[in-house]
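Engineer: need coordinates for the below:
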Amino acid sequence: MPFIAVSCDTPGGYGRAAPGGTTTYTGTDLITGGSPDVTADKVREGVDEKLDPQPLAMAVALLILAGAVIALIFEHQLLRRAIGTAVAGAAAIFLIANQLTVQSLLRSRLREQITEPVPPDKQISDFVQNQSGFWLCLSTLVVLVMLNGIGWLRSATRE
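Structural biologist: The predicted structure follows:
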């Protein structure tokens, strides 16, 4: 799923995306350092705006995997809920930190590449946007923190 994109209205385009094209980075691109997707009809020759693997994105993936394993392995409900809350909370924090880091990196790269003036009512940050994959992942982690936290508190009062 797409996590972050450099939008189609970027003056002069961005990387391999011609004006009117969008460069989109998925969660997998952020973890592995893969090449972004570019709107098919707007591809041009140019720099492939591949990002290096993002350590914070890797940490998020590992925390999510650890949370799933913990949910399956731990039988003691209080311990499972406490660890699940902490792991999901840490993953959410790392996810936000990663998104802010990648936004900053893409804004910096865009600033260096921009070939046309930015419209007076826009800023560079307006062209770098969070996408549905990020919001879905963050929402899921927040719900997991809340549900596990409530379960943890309820379990703690019973014991």
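
Engineer: mind listing the helices for the chain?
Structural biologist: Taking DSSP state H as the test, the helices found in the chain are 27-32, 55-73, 77-113, 132-158.

Engineer: deepest in the core, which of these is it.
Structural biologist: Mean neighbour count (mean count of other CB atoms under 10 Å) peaks for helix 27-32 among the helices of the chain, with a mean of 20. C-beta coordinates here come from the backbone N, C-alpha and C atoms, glycine included.

Engineer: please give me every residue in contact with the closest residue to Leu144 other than its chain neighbours.
Structural biologist: Computed as CB to CB, 6 or more residues apart in numbering, the closest residue to Leu144 that is not its neighbour in sequence is Ala88, at 4.0 Å. With contact set as CB atoms under 8 Å, 6 or more residues apart in numbering, Ala88 has these partners: 63, 67, 141, 144-145, 148.

Engineer: and with 7 Å instead?
Structural biologist: Shown here is Ala88, whose contacts under the criterion CB atoms under 7 Å, 6 or more residues apart in numbering are 67, 141, 144-145, 148.

Engineer: of all the helices of the chain, which one is nearest Arg44?
Structural biologist: helix 77-113 (12.5 Å; CB to CB).

Engineer: what about the closest residue to Leu106 other than its chain neighbours, how many neighbours?
Structural biologist: What sits nearest to Leu106 in space, not counting adjacent residues and going by CB to CB, 6+ apart, is Val128, at 4.8 Å. Look at Val128: counted by other CB atoms under 10 Å, it has 22 neighbours.

Engineer: low-confidence ranges in the protein?
Structural biologist: 159 (pLDDT under 70).

Engineer: just give me the closest of the contacts of Ala88 to Thr101.
Structural biologist: Leu141 (17.2 Å).

Engineer: what sits against the closest one?
Structural biologist: 88, 91-92, 95.

Engineer: try it again with 6 Å
Structural biologist: Leu141 makes contact with 88, 91-92, according to CB atoms under 6 Å, 6 or more residues apart in numbering.

Engineer: now do Ile64
Structural biologist: Neighbours of Ile64 in contact, by CB under 6 Å, 6+ apart: Ala91.

Engineer: go again with 8 Å.
Structural biologist: Contacts of Ile64 (CB under 8 Å, 6+ apart): 91, 141.

Engineer: ok, Leu138 next?
Structural biologist: 92, 95-96.

Engineer: just the closest of those residues to Thr39, please.
Structural biologist: Distances from Thr39 to the contacts of Leu138, taken by CB to CB, are shortest for Leu95, at 25.6 Å.
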